[in-house]
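Visitor: fold the following.
(one chain, ligands or ions: 1)
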Amino acid sequence: MEKLKIAGGYPLKGTIKVSGAKNSAVALIPATLLAESPVTIEGLPDISDVHILKALLEEIGGDVHFDQGIMTVDPAKMVSMPLPNGKVKKLRASYYMMGAMLGRFKKAVIGLPGGCHLGPRPIDQHIKGFESLGAKVTNEQGAIYLRADELRGSRIYLDVVSVGATINIMLAAVKAKGRTIIENAAKEPEIIDVATLLTNMGAKIKGAGTDVIRIDGVEKLNGCRHTIIPDRIEAGTYMILASAVGEGVLIDNVIPHHLESLTAKLREMGVQVEVGDDQIFIGKGDRFKPIDIKTLVYPGFPTDLQQPLTVLLTQAAGSSIVTDTIYSGRFKHIDELRRMNANIKVEGRSAIINGPSELQGAKVKASDLRAGAALVIAGLLADGITEVSGLDHIDRGYSGLVEKLNGLGATIWREKMTEEEMEQIKNA
Ligand code: EPU
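Guide: Numbers count the residues shown, from 1 in each chain. Predicted structure coming up:
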């Protein structure tokens, strides 16, 4: 097991390139199994979630090659093997294997998904969708069993706007008989990306990116080539990081439209943000104004950037409030930031940040992916050395983080943890 060590206080400058979107990748990879011939996806990030999904496709008989961000999946020989435990528990998005396998084989057995602990994360809307398409869904000893004689298009109203449920229902519905209509669908860019891949495979989907998606089922889907969209959350993390410790940082490979809510909030804080076609420049930060943030579904402010932004708000002069309306438990990074001398308290679903604070290096633990990103930013800002454990969380979502940050002039490296440290973490 490794930890991350960061020597704070070095200003960052230069260009940083954003990788392909994790939350698209984890849906695009399972989607390939719906085709009858090879599918190639370009620009995939080199993160552990991608490697786990590759292994899952191989487990069910897929022939998968992954090199330099390009994955080719030949799904021809795949079979409907149960995936009750093991790798599926390692990531939340293994739930997309449910929709994809149900769509292709009319049956699936998938262990309940793992992933970041951000408070309750039910999948009732996914199941409601599958049932509405004609599947029988049961939960037996921690695994979801899905079976259908036939999948039939239907009208599904989501009671909660859910990215996962919207995509999962699309995956199950593309080969169903007749028309499926998803109402109150989520509108995140990753949904459009998955719909684009499926459409290139021959699916008939209209309205992805709006709150009503219409899918006319087709009999057969074919292979194709697809380039993934850039990761808006990785880009947003670097925008915040550059605001905190940058002296002029250009973030390359972005779709600025996907980041409008963050751009607006950073400008409100007084950050210089210059938007190009596929790049965003963040100027040297100086004095930051406090702001209030409420996380919302897209195009509102993303919950995934709430934790990194909280760190920047410790540098603003005054009081800021961050309210997470999506996840009740996404504040585990706050205790760690307090150990680094941040002045933050949590009240219900809100964190109240009083700044500015001079952050101090400390030994801290990433409890989830974006908490990890937040602690890295805090480490770059802090005086002295910060040690971040829980690196496996960060490796799930940030491709080449250490190399990319060192490329900007940061001093950050991985180190093996001692047995004593690993024991301490286990018992914490
Ligand atoms: N919800 C339900 N029932 C459901 C599904 C969701 O009540 O059946 C609730 C959730 O508990 C949550 C809200 O609806 O309060 C939104 O959840 P959603 O289903 O949209 O989240 P998700 O699909 O599980 C994706 C991203 C998350 C991101 C959220 C919100 C992936 C693999 N994950 O999760 O990304 O926070 O959407 O935008 O796409 C991350 O990247 O760090 C991350 C956690």
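
Visitor: how's this protein carved up into domains?
Guide: 2-19+230-427, 22-227 (automatic domain parsing).

Visitor: and for residue 188, the neighbour number?
Guide: Counted by other CB atoms under 10 Å, the residues lying close to residue 188 total 24. Quick note: C-beta positions are derived from backbone N, CA and C, even for glycine.

Visitor: grab the nearest non-local neighbour of it.
Guide: residue 298 (4.4 Å; CB to CB, 6 or more residues apart in numbering).

Visitor: count the neighbours of residue 202 for me.
Guide: Counted with other CB under 10 Å, residue 202 comes out at 18.

Visitor: got a markdown table for the domains of the chain, with mean pLDDT too?
Guide: A markdown table is the format used below for the domains of the chain (pLDDT from 0 to 100):
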| stretch | mean pLDDT |
| --- | --- |
| domain 2-19+230-427 | 96 |
| domain 22-227 | 94 |
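
Visitor: give the contact list for residue 302.
Guide: Applying CB atoms under 8 Å, 6 or more residues apart in numbering to residue 302 gives the contacts 232, 233, 236, 261, 262, 295.

Visitor: what about the residue nearest to residue 188, distance to residue 56?
Guide: Per CB to CB, to the nearest Å, residue 298 is found 27 Å from residue 56.

Visitor: looking at these two, which one has more neighbours?
Guide: residue 56 (25 against 18).

Visitor: in contact with that one, which residues are there?
Guide: Counting by CB under 8 Å, 6+ apart, residue 56 has contacts 30, 83, 87, 88, 94, 97.

Visitor: can you tell me which residues contact the fifth one?
Guide: So the one you mean is residue 94. 52, 53, 56, 83, 87, 88, 110, 111, 113, 114.

Visitor: just the strands in the stretch 201-350 of the chain please.
Guide: Along the stretch 201-350 of the chain, counting by DSSP state E, counting those that start in this stretch, strands occupy 204-206, 212-216, 225-227, 246-252, 273-275, 279-282, 292-295, 318-324, 344-347, 350-355.

Visitor: what's the closest of the ones you listed to the ligand?
Guide: The closest of these to the ligand is strand 292-295. By CB to the nearest ligand atom, the value is 8.4 Å.

Visitor: close to the ligand: what parts of the stretch 151-300 of the chain are there?
Guide: 160, 162, 163, 164, 165, 186, 233 (CB under 6 Å from any ligand atom).

Visitor: out of those, which is most surrounded?
Guide: residue 165 (28 neighbours).

Visitor: CA atoms of whatever helix or strand that one lives in as PDB?
Guide: For residue 165, the element it lies in under DSSP states H and E is helix 163-173. Listed in PDB are the C-alpha atoms of helix 163-173, where the atom choice follows Å, rounded to 0.1, in the frame of the first residue of the first chain:
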ATOM      1  CA  VAL A 163     -27.400   9.700 -13.500                       C
ATOM      2  CA  GLY A 164     -26.900   6.000 -12.800                       C
ATOM      3  CA  ALA A 165     -30.600   5.000 -13.200                       C
ATOM      4  CA  THR A 166     -30.900   7.100 -16.500                       C
ATOM      5  CA  ILE A 167     -27.900   5.300 -18.100                       C
ATOM      6  CA  ASN A 168     -28.800   1.900 -16.700                       C
ATOM      7  CA  ILE A 169     -32.300   2.100 -18.100                       C
ATOM      8  CA  MET A 170     -30.900   3.200 -21.500                       C
ATOM      9  CA  LEU A 171     -28.600   0.200 -21.500                       C
ATOM     10  CA  ALA A 172     -31.400  -2.200 -20.800                       C
ATOM     11  CA  ALA A 173     -33.900  -0.500 -23.200                       C
END
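
Visitor: about what we covered before: so which of the contacts of residue 94 comes closest to the ligand?
Guide: residue 113 (8.3 Å).

Visitor: quick check, the closest one in a helix?
Guide: No - checked against DSSP: H, G, I helix; E, B strand; the rest coil, residue 113 lies outside a helix; its state is coil.

Visitor: I'd like the distance between residue 368 and residue 86.
Guide: 21 Å.

Visitor: between those two, who's got more neighbours?
Guide: residue 368 (23 against 13).

Visitor: circling back to that earlier point, got the strands of the stretch 201-350 of the chain as TSV, with distance to residue 425 and mean neighbour count columns?
Guide: TSV is the format used below for the strands of the stretch 201-350 of the chain (distance: least, CB to CB, whole Å; neighbours: other CB atoms under 10 Å):
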stretch	distance to residue 425	mean neighbour count
strand 204-206	44	16
strand 212-216	43	19
strand 225-227	39	17
strand 246-252	31	21
strand 273-275	37	15
strand 279-282	34	21
strand 292-295	29	18
strand 318-324	26	18
strand 344-347	23	14
strand 350-355	24	20
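
Visitor: right, and residue 34 touches residue 101 too?
Guide: No - at 9.2 Å, residue 34 does not count as touching residue 101 under the criterion of CB atoms under 8 Å.
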